[in-house]
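Undergrad: Pasting the sequence and the predicted coordinates here, then a few questions.
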Amino acid sequence: MNTVQRNMSLSGEPPVALNFIQKLSVIIGMFGLGILTLAIFNVNFPNKTLWLSISLTSMIFGVSLFSYGAYQHKHSGIKNDAVWFKSISSRGFLAWLLGIILTGFYIVLYFYPQFLGLRSEGGNVGLIGLFDPLSELLSGNPASQWFVYGTLYTIAILAFGIKFLWKYRHNRYEVLRTCSVMFFQLAFAFIIPELMARLNNSEAYNIPYYDLKNIWPLSYYNFDQYRVDGFISSGDIGIALLLFGIASILVITPILTYFYGKRWYCSWVCGCGGLAETSGDAFRQLSDKSLKAWKIERWLVHTVLVFSVLMTVAVVHSYLNYDASKYWLNKDVFLLSVAVFLSALFAVIWIFKKDELQKDARYGAIGFISMIIGLIGIHYFSGSNIFIFNPETLRKTYSFLIGSIFSGVIGTGFYPILGSRVWCRFGCPMAAILGLQQRLFSKFRITTNGGQCISCGNCSTYCEMGIDVRAYAQKGENIVRASCVGCGICSAVCPRGVLKLENKTPKGRINSDAVLLGNDVDLLDLIKQNK
Amino acid sequence: MKHIAIIGNGIAGITTARHIRKLSDYKITVISAESKYFFSRTALMYVYMGHMKFEHTQPYENWFWEKNNIDLKEGFVTTINTAEKKLIFADESTLTYDDLIIATGSKPNKFGWPGQDLEGVQGLYSKQDLELLEVNAPNNKVCKRAVIVGGGLIGVELAEMLHTRKIPVTFLVRDKDFWGSVLPTGDANLISRHVKSHHVDLRLETELKEIIGDENGRVKSVITSSGEEILCDMVGLTAGVSPAIDFIKNSEIDTGKGVKVNKYLETNIPNIYAIGDCAEQLEPTGLRKPVEAVWYTGRMMGEVVAQTICGNKTAYNPGIWFNSAKFFDIEYQTYGWVWAKPKEYEAHFSWEHPNGEKRITFAYHKTTNAILGVNTFGIRLDHQTFDKWISEEKNIDFVVSNLEEANFDPEFFRSHFKAIKKAFQHQLQLA
């Protein structure tokens, strides 16, 4: 199609141009955003509660009205018309502009919150000051940069969630899934932790901020000393929360992933996933589908997982033992039990799942051995200043590289350029764990409908995780990929009804010798033999 | 080493190349005048609609061919010299082969309408057709109205494509209902209604009489069989396709509508095979037509001929018929045979959702009650299950009662199988 220049006209193609309702909604939404921008530049609003309410409302209303303008006159169904003609969704000028603004916002948020108006003494000013009334209403405390971020994050998921609901109103899987992420963000990530913070007004409680659905190792800080101390010093509730945090990763997660695949978390509950599925929906087609990207993904995400495990072990190890009355677990027992646990896990996978692992067994072994070497290192070099084994350095490095740069600046800031799931695909250690479980111990798979695939490529194009879905579908093979978050869009956009997300018996789930239906039986046998 | 030349890099030719490579280390050359790399023809519409970029329609990355030692040659074959086993190209270069596979696909039908070669008149089949469409109908300023002639699958795709650029469409369809030659009346009626609901000016029982050009040789209007003149800037000819075999007609290879082949996909000349849309079966399987221009049959013939070439002589013997399509927002799947005009032994039972956008039609044998086929609209059904039920000649009662097993709709979708079962029982009571 390179021979045809289609964007010579300045007025734009008809499907790309905005209609009246959409133009109006952009003005309303931008007005809301404008209030926040003015606040950043220290315009002092006389009635903060009023102006903040106006701002947040007009942003939600603007996005909702935009969706109404975009979809109200259309039949329910797939609405990807002109996606690759629009500047914003095809890495055009608007996409780069938005990418730069978002990236800049993340850098200021993480590293220069004072520019947003954060003040340690005296009242907050600027943007953060504008959010003080809302924060005080919820938790009783003044706002922080994280409260502002959390509020805007929630607004983004809710507003673009409404847009997504409208866009996929014909698809009940998408509707329920989106209601779920909107609920978990609003209740679990936003309101409940703020209300829990009210408990801390009483002397008996010192509970750290806890988003219950944010599971270690995604919340890599969950077992930091200040948090564990906080939990332990907060009576039964505190202990229960600490135990819940441990059970989340060791018990709850494997069970749910066994029954439903990692989608129960990544596209139904998780906040990162929630943002990607709602605000990031317009960018899902930008993910890289090449084999090379898949190779990079596998190395990168598992390296982050090893890094996060070692960092956490080193951090926990560093504060054990110093007060026997608080911690019955001592350093050596802790390290040893981690080693035993990892070895047992690796042995189980090696013995029972060797077939599924196939060529990947080698990589699993590399990961396992590096963790064991890491544990030994932590044991022998604890207290020393050798960089890679110093817990504080490890934690700071992780927090900077992974927690801030990767998940925030690149992961979200680059939505319009790299697609919406860069963090989830290349960086999230939680996704890596769930992915291993999904690949090895789960009932979930995407099945293909006999021989109906026409290799059109809609599924691969709209896979936010960069899975080349078509490569499997056109061979009649089930899709059982560690990275699949089960968003269901491949199935939705398929024009031939070929893909179905399913939880069925694990037997025969990985069917790499599948052949396409439609031929007579003798030929099927011949093709199978020669695979 | 044996050299296999394949003319055509569509699904048939490429499937052959891939399977020969799996089975052997023969030298393989795939020739195409259309595009260097294989792409999915069925996806061209999504490029025009902006759902995908052209590179997304390519199922294999560009390094794939070299890695698998499959040579790609861009060129247009003008002559096949069967005596010397030599291909002669438009640029007069040549290529010798040991085995030749003709997989040249189809071209849009033109039935000799006056004005059919005017500028702005085109079919929709190839990559070049798509590029031409970008010239003829880039937006509704250049193309104020388009007329589509022929109510088949490509016609409705073209209507949907133009609709996304807000170009008004008049759609001339010969039958009483859309695709009425293939779909039973009730099914065809549902699609007609849906097409109209997208503001397509659907003219049923109307044919094209003449295309009128302006002084520059560009289309200006069409005249329909009712004598009406419709002003337009573009005419889409989508009245079916026929084998693209013009360059073979002057060779020794036997042709009729397509390249004539036996069960083993062999032509009358040894070492020359024809597959896919361009092949005409001398002995069609079951109720199938001699020429089948369908994605899946192209793929299956490619798998078969690869076996034969690599020493497992295999007959083309396709299983139960199946197909699918999408009409704007309504997905369609079919398994087995549901005839528009039922055969004398064939009975139909249909159920339609009150919203008029979901429908299912079963065909079964009047005396044995065996299931013969199913058409489904807006409800996804499992290929494997229906393939099994039809080949095992399951009773229609069994099929209707066990539909849940064949469900392929996404999770949480509302199931209509109870309603279908109830309607079926109701019909039995009436009968």
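TA: On my side now, so go ahead. Numbering: from 1, shown residues only, chains lettered A, B, ... in the order given.
Undergrad: Find the residue closest to the one residue in chain B that gets nearest to chain A in space, skipping its chain neighbours.
TA: Closest to chain A within chain B is residue B:383: 2.6 Å, counting by Cβ to the nearest Cβ. For glycine as for every other residue, the C-beta is placed from the backbone atoms N, C-alpha and C. The shortest distance from residue B:383 to any non-neighbouring residue, by Cβ to Cβ, 6 or more residues apart in numbering or on different chains, is to residue A:450 (2.6 Å).
Undergrad: picking up where we left off before, I figured the residue of chain B closest to chain A hits residue A:448, correct?
TA: No. If you go by Cβ atoms under 8 Å, residue B:383 and residue A:448 don't touch, sitting 9.0 Å apart.
Undergrad: I'd like the secondary structure assignment at the residue in chain A that chain B sits nearest to, please.
TA: Nearest to chain B, among the residues of chain A, is residue A:450, at 2.6 Å (Cβ to the nearest Cβ). Of the three states, residue A:450 takes coil under DSSP: H, G, I helix; E, B strand; the rest coil.
Undergrad: can you count the residues close to residue 406?
TA: In the absence of a named chain, chain A is used. The tally of other residues near residue A:406 (other Cβ atoms under 10 Å in any protein chain shown) stands at 19.
Undergrad: Not quite, go with chain B.
TA: Neighbours of residue B:406 under the rule other Cβ under 10 Å: 21.
Undergrad: and residue 290, what does it touch?
TA: Just going to use chain A. Going by Cβ atoms under 8 Å, 6 or more residues apart in numbering or on different chains, residue A:290 touches residue B:61.
Undergrad: oops, chain B please
TA: So residue B:290 contacts B:257-258, B:280-282, B:284 (Cβ under 8 Å, 6+ apart).
Undergrad: again, only using 6 Å
TA: The neighbours of residue B:290, taking Cβ atoms under 6 Å, 6 or more residues apart in numbering or on different chains as the test, are B:280-281, B:284.
Undergrad: Could you report the pLDDT at it?
TA: pLDDT, residue B:290: 97.
Undergrad: next one: residue A:45
TA: pLDDT for residue A:45: 85.
Undergrad: count of neighbours near the residue nearest to it when sequence neighbours are not counted?
TA: Nearest residue to residue A:45 in three dimensions, chain neighbours excluded: residue A:51, at 4.1 Å (Cβ to Cβ, 6+ apart). Residue A:51 sits with 18 neighbouring residues when counted by other Cβ under 10 Å.
Undergrad: now swap in residue A:331 and tell me
TA: Counted by other Cβ under 10 Å, the residues lying close to residue A:331 total 18.
Undergrad: What sits closest to residue A:134 if chain neighbours are left out?
TA: Leaving aside its chain neighbours, residue A:134 sits nearest to residue A:52 (6.1 Å; criterion: Cβ to Cβ, 6+ apart).
Undergrad: Test my guess that that neighbour contacts residue A:130.
TA: Yes. Counting by Cβ atoms under 6 Å, residue A:52 touches residue A:130, with 5.3 Å between them.
Undergrad: more neighbours, these two?
TA: residue A:130 (27 against 21).
Undergrad: picking that back up, hang on, isn't the residue nearest to residue A:45 packed against residue A:44?
TA: No. Counting by Cβ under 6 Å, residue A:51 does not reach residue A:44; the two are 10.1 Å apart.
Undergrad: Against residue A:453, how distant is the residue of chain B closest to chain A?
TA: Separation of residue B:383 from residue A:453 (Cβ to Cβ, to the nearest Å): 10 Å.
Undergrad: Same question for residue B:103.
TA: For residue B:103, the distance to residue A:453 equals 19 Å [Cβ to Cβ].
Undergrad: who has more neighbours, the two?
TA: More crowded of residue B:103 and residue A:453, by other Cβ under 10 Å: residue B:103, with 31 against 27.
Undergrad: quick one on the thing from earlier: next up, the contacts around the residue of chain A closest to chain B.
TA: Listed by Cβ under 6 Å, 6+ apart, the contact set of residue A:450 reads A:517, B:383-384.
Undergrad: Make a markdown table from these and add neighbour count, distance to residue A:493 and pLDDT to it.
TA: Below are the contacts of residue A:450 laid out as a markdown table (neighbours: other Cβ atoms under 10 Å in any protein chain shown; distance: Cβ to Cβ, whole Å; pLDDT from 0 to 100):
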| residue | neighbour count | distance to residue A:493 | pLDDT |
| --- | --- | --- | --- |
| A:517 | 20 | 22 | 72 |
| B:383 | 26 | 19 | 95 |
| B:384 | 17 | 22 | 93 |
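Undergrad: Narrow the contacts of residue B:290 to those that are buried.
TA: Using 16 or more other Cβ atoms under 10 Å in any protein chain shown as the burial test, the contacts of residue B:290 include B:280-281 as buried.
Undergrad: Which residue is the nearest non-sequential neighbour of residue B:40?
TA: Closest residue to residue B:40 apart from its sequence neighbours, by Cβ to Cβ, 6+ apart: residue A:455 at 4.3 Å.
Undergrad: per the record, what domains does chain B have?
TA: As recorded under automatic domain parsing, the domains making up chain B are B:3-107+B:242-309, B:121-239, B:322-430.
Undergrad: Residue for residue, what is the longest helix chain A has?
TA: Secondary structure of chain A per DSSP state H: the longest helix is helix A:291-319.
Undergrad: How about that one, which residues are buried there?
TA: Buried, per 16+ other Cβ under 10 Å, within helix A:291-319: A:294, A:297-298, A:301-319.
Undergrad: filter these by proximity to chain B?
TA: Among the buried residues of helix A:291-319, not one lies near chain B by Cβ under 6 Å from any Cβ of the partner chain.
Undergrad: The residue lying closest to residue A:168 once chain neighbours are set aside and residue A:164, how far apart?
TA: In space, and not counting its chain neighbours, residue A:168 is closest to residue A:174: 3.8 Å by Cβ to Cβ, 6+ apart. With distances taken as Cβ to Cβ, residue A:174 is found 7 Å from residue A:164.
Undergrad: Over to residue A:313?
TA: For residue A:313, the distance to residue A:164 - Cβ to Cβ - is 39 Å.
Undergrad: Tell me which stretches of the stretch 301-450 of chain A form helices.
TA: Remark: helices assigned in the stretch 301-450 of chain A by DSSP state H, counting those that start in this stretch are A:331-352, A:354-357, A:361-381, A:391-398, A:415-418, A:422, A:429-440.
Undergrad: so the closest residue in space to residue B:46 that isn't next to it in sequence is in which element?
TA: Once flanking residues are discounted, residue B:46 sits nearest to residue B:52: 4.5 Å by Cβ to Cβ, 6+ apart. According to DSSP states H and E, residue B:52 maps onto no helix or strand at all.
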